[in-house]
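Q: pasting the structure only:
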């Protein structure tokens, strides 16, 4: 099958493809706000009709929340599953938008043309790159190149409460040779990338209790136990002087980078000074024997996200507080067990408590890390396809954040997942004035066409 003809079709049809994306962006499918439930349904209906136009047997599937969209097309060769989400974040604060977030437009900017509107990058623009690649392929060849399942979610921005039950109930229908996810970006906005490492997340909140009420610091200071001092000492002890985390067994299951992956990351020439300088910092503060990229992508963390206690209002109030509180998160990698780390953390806190103090814990979710095996031949084929399109060697990269869907595919469907996306660092996802570069949209469509061709040779 001729790839050149498909790429030429994509180039010629870019205005129409952009118009279709703008139509989808006009639907305010905010999943977290019940006021937009009908709009989420409307977005699902729009996608079902679009998939049907591409030859998919597509339908809207009800869930206790917003519907899923599932479409199938038969074909020879591998079975690919494509995942994206059609729901978007709320638009608040509305006054910081330069235009109506659901009146999208193509705008000229000093850096090039962009598609401006809520969902343009996260994730409607990204998911439409795949559908438009399928459209161009079918227009040229009459059929799609292989068996494809499209699986689109409507609750990703609100915690995906219906996702796991739906995947479990429909596992046989959804299971494929490999999953494709388009919800990531280019490395430093210029290098095509396949994410192969995703950090997991564990959240813990603790409250240290001391006296049965706030105390006058002049009457009780020095003799009464101060919960803030206790909490401060506990937090300080979580790291040693080199930046390593001190919890017993914390590094169990943390893998070392392969020589191949380390060489790829070094070749990216990550400018950590600029990365930190953009937020007013200058020196890496984590494990001193690790590179900044390693610390962001492949090393676990323990960070204090909030700490409070006592009087924090205007002026001054000399009290010893009855309680002190903190929220602490752990980013996890490799095979780290979030439940084992939770137990280790709580045991550490309990052991550090002095007499007259007690502690309460509140868990805030837990998810293991995701690590994709690049041994699957689809990974190297896709990396070559991305390199051909962008003219820059594509890289396997990590992701400091968490994208649970990749792990869910492995856990519930026993499938590897490739995360390929075309967003840029300045797309302002989840923020006012979200945008998606027209180049990202255009080359994203071409990239998927190349990936499809490579995977079906």
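A: Ah, there it is. In this text, all values refer to a predicted model and were calculated from it rather than measured experimentally.
Q: Check the offset of the lowest-mean-pLDDT helix or strand in the chain from the chain's centre.
A: Least confident element among the helices and strands of the chain, by mean pLDDT, DSSP states H and E: strand 370-371 (a mean of 86). Here strand 370-371 is found 13 Å from its chain centre; the criterion is C-alpha atoms, centre = their mean, to the nearest Å.
Q: now stretch 210-229
A: 43 Å.
Q: got it, and stretch 25-35?
A: Relative to the centre of its chain, stretch 25-35 is centred 20 Å away, using C-alpha atoms, centre = their mean.
Q: sorry, back to before: show me what the least confident helix or strand of the chain is packed up against.
A: strand 193-198, helix 404-413 (3 or more C-beta pairs under 8 Å, 6 or more residues apart in numbering; DSSP states H and E). No exception for glycine: its C-beta is placed from N, CA and C like everyone else's.
Q: ranking the ones you listed by burial, who's on top?
A: strand 193-198 (a mean of 24; mean count of other C-beta atoms under 10 Å).
Q: Quick check: mean pLDDT of that one?
A: Strand 193-198 shows a mean pLDDT of 94 in the predicted model.
Q: Please name the strands paired to that strand in the sheet, noting orientation.
A: Strand 193-198 has its sheet partners listed here by DSSP bridges as strand 370-371 (antiparallel), strand 395-399 (parallel), strand 416-420 (antiparallel).
Q: could you dump the ones you listed to a markdown table with distance to residue 335?
A: A markdown table is the format used below for the strands paired with strand 193-198 (distance: least, C-beta to C-beta, whole Å):
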| stretch | distance to residue 335 |
| --- | --- |
| strand 370-371 | 8 |
| strand 395-399 | 15 |
| strand 416-420 | 16 |
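Q: ok, residue 206 touching residue 358?
A: No. Contact criterion C-beta atoms under 8 Å: residue 206 and residue 358 do not qualify, at 10.8 Å.
Q: thinking again about what came up before, so which of the strands paired with strand 193-198 is nearest residue 70?
A: Of all the strands paired with strand 193-198, strand 416-420 sits nearest to residue 70, with 17.0 Å by C-beta to C-beta.
Q: Please tell me how far that closest one is from the chain's geometric centre.
A: 12 Å.
Q: can you redo the helices and strands packed on strand 370-371 as JSON lines with distance to residue 347?
A: As requested, the helices and strands packed on strand 370-371 are exported to JSON lines (distance: least, C-beta to C-beta, whole Å):
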{"stretch": "strand 193-198", "distance to residue 347": "27"}
{"stretch": "helix 404-413", "distance to residue 347": "26"}
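Q: which stretches of the stretch 1-150 of the chain aren't confidently modelled?
A: 1 (pLDDT under 70).
Q: Quickly list the domain ranges of the chain.
A: 3-198+371-455, 200-254+300-367 (automatic domain parsing).
Q: Pipe the ones you listed into TSV and attach distance to residue 289 per row.
A: Output for the domains of the chain, formatted as TSV (distance: least, C-beta to C-beta, whole Å):
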stretch	distance to residue 289
domain 3-198+371-455	18
domain 200-254+300-367	7
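Q: ok, and what's touching the helix or strand harbouring residue 232?
A: Per DSSP states H and E, residue 232 falls inside helix 227-236. Helix 227-236 has contacts (C-beta atoms under 8 Å, 6 or more residues apart in numbering) with 206, 208-210, 304, 307, 309-310, 321-326, 328, 348-349, 352-354, 357.
Q: Now the buried members of these.
A: The neighbour count (16 or more other C-beta atoms under 10 Å) marks 206, 208-210, 309-310, 321-326, 328, 348-349, 352, 357 as buried among the contacts of helix 227-236.
Q: Out of these, which sit inside strands?
A: In strands, judged by DSSP state E, the following of these are found: 206, 208-209, 309, 323-326, 328.
Q: between the residues you listed, which is closest to residue 29?
A: residue 328 (34.0 Å).
Q: mind listing what that closest one touches?
A: 203-206, 235, 238, 302-305, 345.
Q: at 7 Å what do you get?
A: Neighbouring residues of residue 328 by C-beta atoms under 7 Å, 6 or more residues apart in numbering: 204, 302, 304-305.
Q: again, but for residue 167
A: 174, 408, 412-413.
Q: Now tell me which of the residues you listed the prediction trusts least.
A: residue 408 (91).
Q: That one is in contact with residue 166, isn't it?
A: No. Residue 408 is beyond contact range of residue 166, at 10.4 Å (criterion: C-beta atoms under 7 Å).
Q: Strands of the stretch 51-200 of the chain, start to end?
A: 57-61, 68-73, 79-85, 105-109, 112-116, 147-153, 178-181, 193-198, 200-209 (DSSP state E, counting those that start in this stretch).
Q: would you turn those strands into TSV with distance to residue 334?
A: Listed next are the strands of the stretch 51-200 of the chain as TSV, based on distance: least, C-beta to C-beta, whole Å:
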stretch	distance to residue 334
strand 57-61	34
strand 68-73	31
strand 79-85	23
strand 105-109	40
strand 112-116	37
strand 147-153	27
strand 178-181	20
strand 193-198	9
strand 200-209	9
